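Asks: Got a sequence here, can you build the structure:
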Amino acid sequence: MGSVAKKGLQKYLLQLQHHPLRTKAITAAVLSGISDTVSQKLSGIPKLQLRRILLKMLFGFAYLGPFGHYMYILLDKIFKGKKDSKTVAKKVLLEQLTSSPCNNLLFMIYYGVIVEGRPWMQVKTRIKKEYPKVQLTAWTFWPVVGWINHQYVPLQFRVIFNSLIAFCWGIFLNLRARSMALPSAKSK
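Replies: Modelled structure (predicted):
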């Protein structure tokens, strides 16, 4: 590893040790912003929508980073930090039945109302139609991520690992949201 990268990683790990919540929130914000930038480029948006990127970063900073920070601490307290297969399965099941549905629903509400500025009734109708598909897709993908995270990743790195994987998931959700928006834009 180059000396600049190594020093950067060391500084990051030091920040993570001394300011874990802040570091995880900033990391989630940065990765959310990069994820949205990639999503915009992949979906063919000719000019980057900076407001959208900043709103996605706000979501990562204010919700995703802090929520993950406290959720993983809570799960480790509930299950006393155990990593045997049975305990990891319980952690993954609990996470998938509680935080996964809430996170996806909250993201879809935030994206529709705040990012796109759509009226609540329109967002609600779209969520009724699309949420089951998004959540079922999440349940085919995130349990594996959760297993790896709880089994192999140390507690202090779980939010970061999750944020890196969420980078890809965010691209999926953005492209899904974009594909839902295109039919309404075409019908105008």
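Asks: Tell me who's in contact with the spatially most central residue of the chain.
Replies: For the chain, the residue nearest the mean C-alpha position is residue 166 (4.3 Å; C-alpha atoms, centre = their mean). For residue 166, the contact set (C-beta atoms under 8 Å, 6 or more residues apart in numbering) comprises 28, 31, 32, 35, 64. All C-beta spots, glycine's among them, are computed from the backbone N, C-alpha and C.
Asks: switch the cut-off to 7 Å
Replies: Applying C-beta atoms under 7 Å, 6 or more residues apart in numbering, we find residue 166 in contact with 31, 64.
Asks: With residue 54 instead?
Replies: No contacts exist for residue 54 under C-beta under 7 Å, 6+ apart.
Asks: hang on, residue 76 packs against residue 155?
Replies: Yes - here residue 76 reaches residue 155: they are 5.7 Å apart, a contact under C-beta atoms under 7 Å.
Asks: any idea which element the residue nearest to the centre of the chain lies in?
Replies: Secondary structure from DSSP states H and E places residue 166 in helix 158-186.
Asks: tell me the mean pLDDT for that helix?
Replies: The average pLDDT within helix 158-186 is 74.
Asks: do the same with stretch 128-145
Replies: 94.
Asks: Check the offset of it from the chain's centre.
Replies: Mean-position distance between stretch 128-145 and its chain equals 13 Å (C-alpha atoms, centre = their mean, to the nearest Å).
Asks: so what pLDDT did residue 92 get?
Replies: You'll see residue 92 listed with a pLDDT of 96.
Asks: ditto for residue 109
Replies: With respect to pLDDT, residue 109 scores 96.
Asks: Residue 155 and residue 47, how far apart?
Replies: As judged by C-beta to C-beta, to the nearest Å, residue 155 and residue 47 stand 41 Å apart.
Asks: Looking at those two, which is more packed in?
Replies: Neighbour count, other C-beta atoms under 10 Å: between residue 155 and residue 47, residue 155 has more, with 15 against 6.
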